[in-house]
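Chemist: One predicted model, sequence on top.
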Amino acid sequence: MENDEGVPEALTLEQAYRAAFRMVEQYIDLEDDPDENLILLLQYMESDPARWTDWLAAIRWASANSDAVDPHD
């Protein structure tokens, strides 16, 4: 099912990871002088074998702390 903007209402964990990866990649591409930490994050997401377990830990944290960050702020 999709919302009014044609965006799926739910994603698999893999789709959400790819979306997060793409968001970081897009931000780096937009900047003339991207922050080194964002570049390191992108490199980490591409190469570190622990990244999937870290991603799952982040999902668990987000599920337990849904009021911690408002994505619309």
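Modeler: Noted; the coordinates are in hand.
Chemist: Which residue lies nearest the spatial centre of the protein?
Modeler: A20 (2.2 Å; C-alpha atoms, centre = their mean).
Chemist: Quick one: residues contacting it.
Modeler: M45 (C-beta atoms under 8 Å, 6 or more residues apart in numbering). All C-beta atoms are positioned from the backbone trio N, CA, C, and that covers glycine.
Chemist: Could you do Y44 as well?
Modeler: Y44 neighbours (C-beta under 8 Å, 6+ apart): R51.
Chemist: after the helix or strand containing A16, next one along is what?
Modeler: Under the criterion of DSSP states H and E, A16 resides in helix 13-30. Using DSSP H and E, the helix or strand that follows helix 13-30 in sequence is helix 36-47.
Chemist: What are the buried residues along the helix or strand that that next one is followed by?
Modeler: Heading C-terminal from helix 36-47, the first helix or strand you meet, by DSSP H and E, is helix 51-64. Of all the residues in helix 51-64, those buried under the rule 16 or more other C-beta atoms under 10 Å are W55.
Chemist: Centre of the chain to the worst-scoring helix or strand of the chain on mean pLDDT, how far?
Modeler: When each helix and strand of the chain is scored by mean pLDDT, DSSP states H and E, helix 51-64 comes last, with a mean of 89. For helix 51-64, the separation from the chain centroid amounts to 11 Å (computed by C-alpha atoms, centre = their mean, to the nearest Å).
Chemist: And stretch 41-50, by the same measure?
Modeler: Distance of stretch 41-50 from the chain centroid (C-alpha atoms, centre = their mean) equals 12 Å.
Chemist: buried ones in it?
Modeler: Those would be 41-42, 45, for stretch 41-50 by 16+ other C-beta under 10 Å.
Chemist: okay, that stretch in PDB with CA atoms only?
Modeler: Provided in PDB are the C-alpha atoms of stretch 41-50 (Å, rounded to 0.1, in the frame of the first residue of the first chain):
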ATOM      1  CA  LEU A  41      29.400   7.100   7.400                       C
ATOM      2  CA  LEU A  42      28.800   6.300   3.800                       C
ATOM      3  CA  GLN A  43      32.000   4.300   3.600                       C
ATOM      4  CA  TYR A  44      31.000   2.500   6.800                       C
ATOM      5  CA  MET A  45      27.600   1.700   5.300                       C
ATOM      6  CA  GLU A  46      29.300   0.300   2.200                       C
ATOM      7  CA  SER A  47      32.000  -1.800   3.800                       C
ATOM      8  CA  ASP A  48      31.900  -2.600   7.500                       C
ATOM      9  CA  PRO A  49      30.700  -6.200   8.000                       C
ATOM     10  CA  ALA A  50      29.100  -5.200  11.300                       C
END
